[in-house]
Every structure is written in C-alpha cells, then in structure tokens.
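K.L.:
Prediction below, plus the sequence it came from.
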Amino acid sequence: MSEINDLTPAEVRIWRAFPRGEPVDFRAAENEDPALGNTWGAERTVRASVLRALLLKAPQEEGEIASLKIAGARITGVLDLMYAKIDAAIRLSHCHFDGAPNLYGAQLRQLNLSTSVLPGLTAATLRVEGVLRMTDCRVRGPVRLGGAQISGALFMERAEFTAPDDSEPVLQLNQAAIGDDLWAPEMRAHGQVRLTGASVAGRINVQDAEFDKPDGTALDAQNLTVGAHVRARCIRAQGRIELRGSRISGRLDLLHAHLSHPGDTALRASSCVIGELWLRRGDRIEGALNLRRSHIEILTLDPEMLPDQVHLSNLTYTALTPHEPAERRLPMLERDGDRYEPHGYEQLTAAYRHVGDDDAARLVQLAKQRRRRTTLTWYGRLWGHVQDATVGYGFRPLRAAVWLLSLMTIGSIAYGLDHPRPIKADEGPDFNPVFYTLDLLLPIISFGPEPAFAPDGWHQWLSYALIITGWILATTIVTGVSRTVSRQ
C-alpha cells in the first residue's frame, strides 16, 4: 500500500475498487447537479493525476476485470491521457471536471462521460474500441474529436455544447469514423458543429436537436457519409445547414424542421447523393434552399416549406411526392433567380410522367416554353405569343381547331351573305362559301373554288386575313406536332 500512502480517503476508495471493476458513487442524491461540483468538499474530490496513474499502472486482481467507474466526483487538474493505451473501461459519470481532459491520440476500450460537466475536451484522433457516451453532458468549451475512430456508437442525447467565444466549433467531429450510430436527439449546440468528411456506418439521429449560430454555419457536414438514415425531425437551426457533397444512403428526414438563415442559404445540399429527402410539414424555410447538382431517388417536398429562393439547377430525382397539381409545383422552378433553367422543367415533367399524370406533364412543358420566351428577342417573343395564343405551343391542339372553326364560320357567313365575283361568269362553278373559306384557310389542301373567284373590296381584305391566319395556324400546328413526336 506504499504507493497510495499520500492518497485522500476518496482516492483510496477509487484505487481499491478499480482492480475489481467496482463502482464508486459519491453522490448525495441521484438528481444533484454536477454544475455545482466546484462547491463539493474534499470527501468527493479526486485529483486527475491520481486517475492517470491508476489507469497507466492498472493494478490487477486475479479473476477480476479492472475498470474505472466513478459517479459524482469533482476531478481537479487535467486528466492527461495523451497517446495512452488503456485496456480498462472508463466511466466518469455525473462528475465535475475543473480542467478539460486531454485524450489526444489515446486508445481506449470504452469511455463514458454521461451527465458530467466539463470545460472542454481534447480528443482528436482518439480511438475507442467500444462506445463513447456523452449523454446529458454539458461542455463549456470546444469538444475536439476530429479524426476520432469509434468502433461502436457515439451517444450524445440531450448533450449541451457551448463555448466562451466562437473562434472554433463547439463540437468537432470532422474526419471522424463511427462504426455504428451517432445518437444525439435533443442535443443543444450553441455554436458551430463540424462533421466535414465524417463517416457514420449506421444512422444519425438528431431529432429535436438545436443548432444555433445565426451569423454563420450552424452545422458544417460537407462530404459526410452515412450508411443508413439521418433522422433530423423537428430540428431547429439558426444558421446554415451545410451538406454539400454528402452521401446519405437512406433517408434525410427533415419533417417538421425549422431552418432559418435569413438573407443567406438556410440549407445547402448541393452535389449530394441521397436516397430520400423529406422536407414536409415544417415551417417555411427562412433563407435559400440549394439542391443544385444533387441526385435524389425520392424527393418529398411540401410547396409550403419552400422559400423565396430555390436553387435546383441540374438536380435529378426519380419521384416527387406528395402528388400535387402542376400549378403548385411550378413556382419552385421560377425562384431560381432570373436565369432560365430548362433542366428543372424536364425533371418535373419526368416526375409527372413517372406517375402517369400526362396532363400535368404538358402543363409543365407549356410553362417551360413561356419561361423560355422571356429570354428571346422581341420578334421571338412575338412569335411565341402567337404560338401560345393559337395552340399553346402544341400542348393544346384543340385550341387550333377552335380557331379554325371560328374563322371558317366568320368566312362562311361573310361570303355567304355577299359572294365574291367569279372570274369567268359562264364557266365558274357554283359558289360554296364553306369550301371557299376552307380553301383560303388551309394553305396546302385545295377544294377548288378559290381560283375561280376574284374577291375585291372588303372581300379581298378578308381573304388576306384568312390566308395569313391559316399559314400561322398551320405553322404552329406543325411545330406542336413535331415537338410532341420528338418527346415520344
């Protein structure tokens, strides 16, 4: 016992319990607040240097499995296990740390800091063979876990991360590799959370979490790789959510989410590959939505959630749900600045055809032509208006029939009431106002009466009007038919 002669009674209890893996609980009550740990007395105060010596010397007892299990202690000094290799499991729950532990490059079997209060944590490139638990932790400084390798899961339920300044992220998991789930529902982060380049083999659960950095990027998860789903229901984000270049095999679930970054981008999921994206039943996004160049198999999107700016250039998706009328989907294609982006209209058309709604697909194509018309020269716009008014760019062919029938009726009545004079009175055929009007309207088909009569006066001007209108209708009909055939 000579090696522990200078230990306090509290430290002696821990030293004796360690070889047998017995827990040591200093708490006076289970619901006491570890944030008040700086008021705890010597009877529950433990030096970090003693814990370091205990873990490195690792006293053994035959037939027992050593582990460090402490609850409700005040740990003074800095627990420095930099580059250490510890075979025993470590559980320091409901503890108050005076100094931020240094676990940089350490190799641990398992680490549990649940419900503890810490001024920070330095654990970049940490390796944990089992799970890392930070459930209900409150950390008042940066948590540095960049490059960490956790073979099991990472638990951060209801954890709260803050920092005295915003010079660095409050939680750093960049380039971390997690072999199971990242479980952090109801987490609170007052500052940036960084997950750039991280890899999570299982699921990410941040349901009901809060990400608060109104003046910048609240969640930086560029190039994140997730093997299953990301459950982010009911999250509240003040600041940008950055997912550019991420790959999510399953579902990105943002049901009931509140995303806010006014005057900037609220959610950027550009250049991503996502199985399903759910943006439904939440508040209207405050800030821009950027899905450019992403590939999403199933896009679930409520029109009510879309902000004033939606960037969809080169976005591809197989299905768009829920099924909405084209009139409710088209506004999102008109919110991508002043540029004309035909790809967005083609994608929406393909989505409607995928579910067999050909009427909606035609409306989208008609809207595409109208948007394209705004980019043309004045004479191109004029010709576009003519095509739109006559046959709806070929997507409303019945309109041409109505025009032809109306003009034929006008011409037949006018010529029926006052016949044009025949060129040769004795040789001309009997005048038929209907077929004479059709001869004028249809530039290719000839029924015979038109060459035998020579209109003059108002007859002549009516004939000119019918001929010109007939050519316009014929040209627009051919254009529409050609477009239809090319689509099929």
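P.N.:
Yes, it's here. Numbers count the residues shown, from 1 in each chain.

K.L.:
from here on, contacts and neighbour counts on C-alpha atoms
P.N.:
OK.

K.L.:
Is it correct that His96 is in contact with Ala71?
P.N.:
No: checked against C-alpha atoms under 8 Å, the pair His96 and Ala71 is beyond contact range at 9.6 Å.

K.L.:
Tell me which of those two has more neighbours.
P.N.:
When His96 and Ala71 are compared on other C-alpha atoms under 10 Å, the one with more neighbours turns out to be His96, at 27 against 23.

K.L.:
Could I get the contacting residues of that one?
P.N.:
Contacts for His96 (C-alpha atoms under 8 Å, 6 or more residues apart in numbering) come out as Pro34, Ala35, Leu36, Gly37, Asn38, Gly72, Ala73, Arg74, Ile75, Ser116, Val117, Leu118.

K.L.:
I'd like to know which of those residues are buried.
P.N.:
If you count burial by 16 or more other C-alpha atoms under 10 Å, the buried members of these come out as Pro34, Ala35, Gly37, Gly72, Ala73, Arg74, Ile75, Ser116, Val117, Leu118.

K.L.:
Secondary structure and pLDDT added to those, as a markdown table?
P.N.:
What follows is those, written out as a markdown table (DSSP: H, G, I helix; E, B strand; the rest coil; pLDDT from 0 to 100):
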| residue | secondary structure | pLDDT |
| --- | --- | --- |
| Pro34 | helix | 93 |
| Ala35 | helix | 93 |
| Gly37 | helix | 92 |
| Gly72 | coil | 95 |
| Ala73 | coil | 96 |
| Arg74 | strand | 97 |
| Ile75 | strand | 97 |
| Ser116 | coil | 97 |
| Val117 | strand | 97 |
| Leu118 | strand | 97 |
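
K.L.:
now these as CSV including distance to Thr409?
P.N.:
Shown next, in CSV, are the buried ones among the contacts of His96 (distance: C-alpha to C-alpha, whole Å):
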residue, distance to Thr409
Pro34, 91
Ala35, 90
Gly37, 95
Gly72, 95
Ala73, 98
Arg74, 98
Ile75, 98
Ser116, 88
Val117, 88
Leu118, 88
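
K.L.:
of all the residues you listed, which comes closest to Thr217?
P.N.:
Compare each of the buried ones among the contacts of His96 with Thr217 using C-alpha to C-alpha and the shortest gap goes to Leu118, at 24.3 Å.

K.L.:
Give the bridge partners for that closest one, please.
P.N.:
Residues in a beta bridge with Leu118, per DSSP bridges, are Val139.

K.L.:
shouldn't it be in contact with Val139?
P.N.:
Yes: taking C-alpha under 8 Å as the contact criterion, Leu118 and Val139 are neighbours in contact, 4.8 Å apart.

K.L.:
Give me the residues contacting stretch 37-48.
P.N.:
9-11, 26, 72-80, 95-96, 98.

K.L.:
mind redoing it with 10 Å?
P.N.:
Residues from elsewhere that reach stretch 37-48 (C-alpha atoms under 10 Å, 6 or more residues apart in numbering): 7-12, 14, 25-27, 34, 54, 71-80, 94-99, 101, 116-117.

K.L.:
Can you flag the buried ones in these?
P.N.:
Those of those that meet the buried threshold are 10-12, 14, 25-27, 34, 54, 71-76, 78-80, 94-99, 101, 116-117, by 16+ other C-alpha under 10 Å.

K.L.:
Just the ones of those residues in helices?
P.N.:
When those are checked against helices using DSSP state H, the ones located there are Ala10, Glu11, Val12, Ile14, Leu54.
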